[in-house]
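In: Take this sequence and fold it.
(chains A and B, ligands or ions: 2)
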2 protein chains.
Amino acid sequence: MRNLLLISSSRVIGFKYLEVAQDEIKNVLSFVSTVLFIPYALKDYDAYLNTVTQPFTDFGYDIEGIHEHEDPVEAVNKAEAIFIGGGNTFLLLKTLYEKNLLGAIRKRVLENGIPYIGSSAGTNVATCSINTTNDMPIVYPPSFKSLNLVPFNINPHYIESPYKAVHKGETRDQRIAEFLQMEEAGPVLGLREGCMLRVTGDRAVLKGINDAKLFQPGKEPKIIKVNEDLSFLLNN
Amino acid sequence: MRNLLLISSSRVIGFKYLEVAQDEIKNVLSFVSTVLFIPYALKDYDAYLNTVTQPFTDFGYDIEGIHEHEDPVEAVNKAEAIFIGGGNTFLLLKTLYEKNLLGAIRKRVLENGIPYIGSSAGTNVATCSINTTNDMPIVYPPSFKSLNLVPFNINPHYIESPYKAVHKGETRDQRIAEFLQMEEAGPVLGLREGCMLRVTGDRAVLKGINDAKLFQPGKEPKIIKVNEDLSFLLNN
Ligand SMILES: [Ca+2]
Ligand SMILES: [Ca+2]
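Out: Numbers count the residues shown, from 1 in each chain, chains lettered A, B, ... in the order given. Ligands and ions are numbered 1, 2, ... in the order given. Purely as a prediction, here's the structure:
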């Protein structure tokens, strides 16, 4: 059974790293003792593992870095739970392809039902494609298709651009509207910092401390409140 | 002889469309009567051609859309000058590849010396790669490599992110720093809205009404003033 937590961002103003998600993390990780951490979205894997060790220890879990294992695919095959953190989505997805991990993670999560936690870039790669990342395309991955643990797109760190008065670059809403014009585009869930999507089987619900905004081709954007049911997005 | 004008953005607060660049446009287009406009960064080519016709008419030039020609490669081969406008960089580059235009434009600009004007996405594709675009990756191009009319990267719409206090997403400087960590990364010229790079042969100089910021691997970012010489970037 699908058991996912897709967080907008690990850092939220006024909270410690991952603190805003701690109740949901404990919920998704029931019966888990050790979490396999995938640090590929940043360059320094050891430093990144260091950053996430404290919060997971505080929450009561052991954490290990996939880069400490000789065979990353085997590490995934044996993992009790997976956490992929933020950084650069292009770098993350390219590395997942290079290390042949997409199929392994999909199988472990969708067939074996182990918990998957993603944050920011780790949330982007959990969706059908990285077409709605905010990141700069610093490297070229072999495809934008990603894990497809959910059959729609997410825009993490969603924000209405507050600096239109001084700058003419596209607002976030304009960028998402451009995507919605593309032939293959489906729904895009804009997750504000502080909110997250909890998926259990065929049920999806918004959690956290901030609302979200749902964009769909040909429709007006719609505000989604915390605890609102989003299961219809899974039937896409 | 290389004759380029690479503009940060067509829209600048307080100016009409392309108005901030009008002196430089007239300079780069000396001896030209008709400009070939490439509207591929947006979806509606006719509407986009409409938008740019007024300013070019005001400046004293005829403008035609490449989409009005039956054979786009032939249109490029016969063009007196080329203008590529902004929109989505990924959509633009993918379409240039699909229509087999990269080699044709390169040849016309670098060998035959016809003027090239780019703005925003049209500036990104003029550089060595689109790795430093701000746009959302709404479609997947066959490569991030682009026209390479200049051998370095540009970040158009460059801005120091002013909303750090309410949002934890990466700042522009952080995004560029992530790129600089990549193996193949070279210099990135951050062009603020209102500034532009003028290239004539082996000489490059900053023009416009705003300064720029130069990022280089392993070095501190450096402010570049209007009229400052940047020719060393062409020897990269
Ligand atoms: Ca990021
Ligand atoms: Ca753009």
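In: What is the neighbour count of residue A:49?
Out: If you count neighbours by other Cβ atoms under 10 Å in any protein chain shown, residue A:49 ends up with 18. C-beta coordinates here come from the backbone N, C-alpha and C atoms, glycine included.
In: An error on my part: the question was meant for residue A:42.
Out: Applying other Cβ under 10 Å, I find that residue A:42 has 18 neighbouring residues.
In: Next, the contact list for the closest residue to it other than its chain neighbours, please.
Out: With sequence-adjacent residues excluded and distances taken as Cβ to Cβ, 6 or more residues apart in numbering or on different chains, residue A:42 is closest to residue A:87, at 4.0 Å. Neighbour list for residue A:87: A:39-42, A:48, A:120-121, B:178 [criterion: Cβ atoms under 8 Å, 6 or more residues apart in numbering or on different chains].
In: Can you tell me what sits against the worst-scoring helix or strand of chain A on mean pLDDT?
Out: Sorting the helices and strands of chain A by mean pLDDT, DSSP states H and E puts helix A:172-180 at the bottom, at a mean of 95. Helix A:172-180 is contacted from outside by A:131-132, A:134, A:153, A:155, A:158-161, A:170, A:185, A:188, A:190, A:215-218, A:221, B:87-88, B:91, B:135-136, B:138, using Cβ under 8 Å, 6+ apart.
In: Would you map the helices across chain A?
Out: In chain A, the helices defined using DSSP state H lie at A:22-28, A:45-59, A:72-78, A:89-98, A:102-106, A:121-124, A:172-180.
In: Check the offset of the second one from the chain's centre.
Out: I take that to be helix A:45-59. Chain-centre distance of helix A:45-59: 17 Å, with Cα atoms, centre = their mean, to the nearest Å.
In: can you check the first one too?
Out: For helix A:22-28, the distance from its own C-alpha centre to the chain's C-alpha centre is 15 Å (Cα atoms, centre = their mean).
In: How about the contacts made by the residue nearest the centre of chain A?
Out: By Cα atoms, centre = their mean, the mean C-alpha position of chain A lies nearest to residue A:123, the distance being 0.9 Å. If you count contacts by Cβ under 8 Å, 6+ apart, residue A:123 has them with A:6-8, A:154, A:156, A:191, A:197.
In: end-to-end on stretch A:122-140?
Out: 17 Å (Cα to Cα, to the nearest Å).
In: For residue A:6, give its distance to residue A:24.
Out: As judged by Cβ to Cβ, to the nearest Å, residue A:6 and residue A:24 stand 10 Å apart.
In: Quickly list what's touching both of those two.
Out: Common neighbours of residue A:6 and residue A:24 (Cβ under 8 Å, 6+ apart) are residue A:196.
In: which residue packs closest to residue A:166, ignoring adjacent ones?
Out: Nearest residue to residue A:166, sequence neighbours excluded (Cβ to Cβ, 6+ apart): residue B:13, at 6.6 Å.
In: Then residue A:152?
Out: residue A:187 is the one closest to residue A:152 (Cβ to Cβ, 6+ apart), at 4.5 Å.
In: How about the contacts made by that neighbour?
Out: Contacts of residue A:187 (Cβ under 8 Å, 6+ apart): A:152-153, A:214-217, A:233, A:236.
In: would you turn the helices of chain A into CSV with distance to residue B:148?
Out: Output for those, formatted as CSV (distance: least, Cβ to Cβ, whole Å):
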stretch, distance to residue B:148
helix A:22-28, 46
helix A:45-59, 33
helix A:72-78, 35
helix A:89-98, 20
helix A:102-106, 31
helix A:121-124, 28
helix A:172-180, 25
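In: Return the most buried member of those.
Out: Stretch with highest mean neighbour count among these: helix A:121-124 (a mean of 29; mean count of other Cβ atoms under 10 Å in any protein chain shown).
In: and that one, how far from the chain's centre?
Out: The chain centroid and the centroid of helix A:121-124 are separated by 3 Å under Cα atoms, centre = their mean.
In: tell me the mean pLDDT over it?
Out: Averaging pLDDT along helix A:121-124 yields 98.
In: Then stretch A:59-68?
Out: Here the average pLDDT along stretch A:59-68 is 98.
In: Please work out which residues outside it touch it.
Out: With Cβ under 8 Å, 6+ apart, stretch A:59-68 has contacts from A:22, A:25-26, A:29, A:32-40, A:45-46, A:48-49, A:52-53, A:56-57, A:72, A:75-76, A:83.
In: how long is that stretch end to end?
Out: Criterion Cα to Cα; first-to-last residue distance in stretch A:59-68 is 22 Å.
In: so where is chain A shaky, pLDDT-wise?
Out: For chain A, the stretches flagged by pLDDT under 70 are A:162-165.
In: Tell me the residues on it that lie near chain B, please.
Out: By the rule Cβ under 8 Å from any Cβ of the partner chain, the part of chain A lying against chain B is A:9, A:11-13, A:43, A:87-88, A:90-91, A:130-140, A:143-144, A:157, A:159, A:162-163, A:165-170, A:175-176, A:178-179, A:181-182, A:185, A:193.
In: buried subset of the residues you listed?
Out: Among the residues of chain A next to chain B, the ones that count as buried by 16 or more other Cβ atoms under 10 Å in any protein chain shown are A:9, A:11-12, A:87-88, A:90-91, A:130-140, A:144, A:157, A:159, A:167-170, A:175-176, A:178-179, A:185, A:193.
In: what's the closest of the contacts of residue A:123 to chain B?
Out: Nearest to chain B out of the contacts of residue A:123 is residue A:156 (Cβ to the nearest Cβ; 8.2 Å).
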